[in-house]
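Undergrad: here is my input; please provide its structure:
(4 chains)
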Number of protein chains: 2
Amino acid sequence: MVSIKDIAKKAGVSISTVSYALNGSSKVTDETSSKILAIARELNYIPNAAARTLKKRESKILGVFLTDFKGDVYGELLGGMKEVCNAQGYDLIVCSGKQSHRMLPERMIDGAVILDQTFTSEELLTYADRNHKIVVLDRELDHPNINQVLLDNKAGATLATEYLVEQGHKKIYVVTGPAGSFDSIQRMKAVKLVADRADDVEWIEIAGDFKKSGGEHAAEQIVREYKGPVAVFCLNDEMAIGLCNRIAETDLRIGDHIHVIGFDNIELTRYMQPRLATIDYSKHKWGALASEQLIKIIAGEKVEHERIYVTLVEGESVGKGVKSIVTRG
Amino acid sequence: MVSIKDIAKKAGVSISTVSYALNGSSKVTDETSSKILAIARELNYIPNAAARTLKKRESKILGVFLTDFKGDVYGELLGGMKEVCNAQGYDLIVCSGKQSHRMLPERMIDGAVILDQTFTSEELLTYADRNHKIVVLDRELDHPNINQVLLDNKAGATLATEYLVEQGHKKIYVVTGPAGSFDSIQRMKAVKLVADRADDVEWIEIAGDFKKSGGEHAAEQIVREYKGPVAVFCLNDEMAIGLCNRIAETDLRIGDHIHVIGFDNIELTRYMQPRLATIDYSKHKWGALASEQLIKIIAGEKVEHERIYVTLVEGESVGKGVKSIVTRG
DNA sequence: TTGTAGGCGTTATCAC
DNA sequence: GTGATAACGCCTACAA
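TA: Have a look, this model is predicted:
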């Protein structure tokens, strides 16, 4: 491995001069500088990241932690993060799994964006106490070294539920995420609020998992209990897809007997027949904002928690409720 | 930051003893060892990755480089990689974009898996010459420090084309990937071979991009030129989806007027109506094998290039060709 | 403008 | 079994 020492020797200068030249310091003559640069290139010099990180106590690398690599939301989210990171001179690495948690405390990265169930909140608070910088996307956590960039789950679930109610549906199944999921809990809360306030609306909770299988199981229960048209709010699109798929194997029709709305507006929904109603938000912006916030708190700036706004996407997967047709004629 | 120096001071021993104890060396008494460990825990000691990497000249981190974070293939692939990495004591980080290339030469990672157009082959060979270990998934490259784990593109494209021919199709559009894509070129070669060998089969190449938009554009051209049933081999599923989608807006029917087959068997295809015929392979295994190979060459083992086998998945998106019905009736 | 020297936190080679 | 001590490659006062 060729180091600045080798360059110094070959150039007949000291290693500090080499270091200055390499870092573009104005303290060194243009002449010596260009000579050093030429030799560096000639020797194929590449700086050593570990040494630089050790000395400077920063790696200029940000990490994002995901529960797993699957999941349709991640592509755009990561794209948004990368864009901001790169523009600010940071590199982005994506990690998953308990083993990789060490990247943060061991200071391999300068900060972390968390969208990862495998981190407990206690763990994150511990890191924050040790002065590590964190942005959380999947929970609420109050600490000077932690910033939140959360989806407006309440608004989204409210929009979705109100949409179902407005369409005249009186019986609403809600398929939740896995136990303990922050998004699921928040969305569920909003559903209850809206449904309980509405006239004569019944809601039934079905435990899901935010995966296709959860939707499939829910479909089976709903079909079993079927007595007449019902609405289903799947707390994410992936379950909605699983559900629609399973329903498609029966005589019941989506948007006719079973009215379905999801959450996330993942790309897949655009290709469903009928088009899935869902809640949309900019994943790209979510990622971009998360990175921005992280870089700011690393720079020592004070920042406020942020919220990502959501909108309703209508779709033929939700039709009019029977009673609504009668009532509204 | 608490270092082994702090522990040494508090324990009244030298830093080398601390280091030994922390690394579980048998050279140190159980008594001193446990005392040191206790103090380390008490002080919340966390080793510094940069220092360790600098000294040991290895980070125990492997990197995988992707052209972008989107793309349906990646989830399972990365899952397979992570599984093997973790089992072997390595961490996996996912990177994308030109800026992140530095991770390899700067020795932030011990090796790289490449599925990334932003690396030129020259660049990779340069790294390999400098003794960096690489596994390529998207090109052929011969170098002692580089191993290939490639899809059996030839077999896949042959299966797909033969399937279309066997079904009696005489006119086959082939929608390619972006210019220079290794997979696209290999698949195209196999198509030509099969089609030219077949009796009375005409093939027409349409330049694509491996993205939905490429399939959409191809659909437009095909519709414009439509005179009677034709087959289309989209060199990946994503384009096939774009194509089917655009076709759905016309009077033509997939599997009836336009017979489509894809490549990759991405999850989305399972939810298409009609089911897309395609070429399947285990993405999980692909990733697992890539990691295995990388870890082996890092360990100095000699390894052979590997190949991932593929199979044909039939689907209703391909029906019988008209002439075939007449002939074979 | 350039050189000297100390140190970032570890590991590892020596002595003792 | 334990303790100095010298690296690893780089940065950065401070001195010259």
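Undergrad: which residues does the one helix or strand A:Asn147 maps to contact?
TA: Assignment of secondary structure by DSSP states H and E places A:Asn147 within strand A:146-151. The contact list for strand A:146-151 (Cβ atoms under 8 Å, 6 or more residues apart in numbering or on different chains) reads A:124-125, A:128, A:133-137, A:139-141, A:183, A:281, A:286, A:289-290, A:293-294, A:296-297, A:303, A:305-308, A:310. In short, each C-beta sits where N, CA and C put it, glycine included.
Undergrad: show me the contacts for the closest residue in space to A:Arg187 that isn't next to it in sequence.
TA: Leaving aside its chain neighbours, A:Arg187 sits nearest to A:Ala157 (3.9 Å; criterion: Cβ to Cβ, 6 or more residues apart in numbering or on different chains). For A:Ala157, the contact set (Cβ under 8 Å, 6+ apart) comprises A:186-191, A:194, A:233, A:235, A:263, A:279.
Undergrad: do you know how far A:Ala157 is from A:Tyr163?
TA: 11 Å (Cβ to Cβ, to the nearest Å).
Undergrad: swap in A:Ala231?
TA: 9 Å.
Undergrad: and for A:Glu220?
TA: Taken as Cβ to Cβ, the span from A:Glu220 to A:Tyr163 is 25 Å.
Undergrad: between these two, tell me which one has more neighbours.
TA: Between A:Glu220 and A:Tyr163, A:Tyr163 has the larger neighbour count (other Cβ atoms under 10 Å in any protein chain shown), namely 21 against 14.
Undergrad: what's the helix or strand for the more buried one?
TA: Using DSSP H and E, A:Tyr163 sits in helix A:153-166.
Undergrad: quick one on the thing from earlier: for the contacts of A:Ala157, pick the one with the most neighbours.
TA: Using other Cβ under 10 Å as the neighbour criterion, A:Leu235 leads the contacts of A:Ala157 with 32 neighbours.
Undergrad: correct me, but it touches A:Phe182?
TA: No. In this structure, A:Leu235 is not within contact of A:Phe182 by Cβ atoms under 8 Å, at 11.6 Å.
Undergrad: could you look up the SS state of the residue lying closest to A:Ile109 once chain neighbours are set aside?
TA: Leaving out its chain neighbours, the residue that sits closest to A:Ile109 by Cβ to Cβ, 6+ apart is A:Gly63, at 4.1 Å. Here A:Gly63 is strand, with the state taken from DSSP: H, G, I helix; E, B strand; the rest coil.
Undergrad: what about A:Gly63, how many neighbours?
TA: Neighbours of A:Gly63 using other Cβ under 10 Å come to 23.
Undergrad: before we move on, what about A:Asn44?
TA: Around A:Asn44 there are 11 residues (other Cβ under 10 Å).
Undergrad: correct me, but it touches B:Asn131?
TA: No. Contact criterion Cβ under 8 Å: A:Asn44 and B:Asn131 do not qualify, at 11.6 Å.
Undergrad: separation between the residue in the stretch 51-200 of chain A positioned nearest to DNA strand D and B:His132?
TA: Relative to DNA strand D, the nearest point of the stretch 51-200 of chain A is A:Ala51 (3.4 Å; Cβ to the nearest atom of the strand). Distance, A:Ala51 to B:His132, by Cβ to Cβ: 17 Å.
Undergrad: pull out the buried residues from stretch A:67-75.
TA: Using 16 or more other Cβ atoms under 10 Å in any protein chain shown as the test for burial, stretch A:67-75 gives A:67, A:69-75.
Undergrad: circling back to that earlier point, quick one: average pLDDT of the helix holding A:Tyr163?
TA: For helix A:153-166, mean pLDDT is 97.
Undergrad: which residues of chain A lie near DNA strand D?
TA: Contact residues (Cβ under 7 Å from any atom of the strand) of chain A with DNA strand D: A:1, A:3-5, A:15-16, A:19-20, A:22-23, A:45, A:47-48, A:51-52, A:54-56.
Undergrad: report the buried members of these.
TA: For the residues of chain A next to DNA strand D, a burial check counting by 16+ other Cβ under 10 Å picks out A:3-4, A:19-20, A:22, A:45, A:47-48, A:51-52, A:54.
Undergrad: farthest-separated two in those residues?
TA: Within those, A:Tyr20 and A:Leu54 form the most distant pair, 19.1 Å apart (Cβ to Cβ).
Undergrad: does A:Val94 count as helix, strand or coil?
TA: strand.
Undergrad: quick one: the helices in chain A?
TA: Using DSSP state H, the helices of chain A run over residues A:4-11, A:15-22, A:30-42, A:49-56, A:74-87, A:121-129, A:153-166, A:182-197, A:212-224, A:237-248, A:283-298, A:322-328.
Undergrad: among the ones you listed, which comes closest to B:His259?
TA: Nearest of these (Cβ to Cβ): helix A:237-248, 22.8 Å.
Undergrad: that older thread, between the contacts of A:Ala157, which is closest to chain B?
TA: In terms of Cβ to the nearest Cβ, no member of the contacts of A:Ala157 lies closer to chain B than A:Phe263, at 17.8 Å.
Undergrad: contacting residues around the closest one?
TA: Counting by Cβ under 8 Å, 6+ apart, A:Phe263 touches A:156-157, A:160, A:187, A:233-237, A:240, A:278-279.
Undergrad: ok, those residues vs B:Met108, which is closest?
TA: Closest to B:Met108, out of all of those and judged by Cβ to Cβ, is A:Asn236, at 34.8 Å.
Undergrad: so for that closest one, what's the pLDDT?
TA: At A:Asn236, pLDDT is 97.
Undergrad: in CSV: the buried residues of stretch A:67-75, plus pLDDT and distance to B:Ser100.
TA: Output for those, formatted as CSV (pLDDT from 0 to 100; distance: Cβ to Cβ, whole Å):
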residue, pLDDT, distance to B:Ser100
A:Thr67, 93, 22
A:Phe69, 92, 17
A:Lys70, 87, 22
A:Gly71, 79, 21
A:Asp72, 78, 23
A:Val73, 80, 22
A:Tyr74, 90, 17
A:Gly75, 92, 17
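Undergrad: farthest pair in those residues?
TA: Greatest spatial distance among these (Cβ to Cβ): A:Thr67 and A:Gly75, at 15.2 Å.
Undergrad: possible to save the buried ones among the residues of chain A next to DNA strand D as TSV with pLDDT and distance to DNA strand C?
TA: Listed next are those as TSV, based on pLDDT from 0 to 100; distance: Cβ to the nearest atom of the strand, whole Å:
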residue	pLDDT	distance to DNA strand C
A:Ser3	95	12
A:Ile4	95	10
A:Ser19	95	7
A:Tyr20	94	6
A:Leu22	94	13
A:Tyr45	96	16
A:Pro47	96	13
A:Asn48	97	11
A:Ala51	97	7
A:Arg52	97	9
A:Leu54	97	4
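Undergrad: out of these, which touch chain B?
TA: A:47-48, A:51, A:54 (Cβ under 8 Å from any Cβ of the partner chain).
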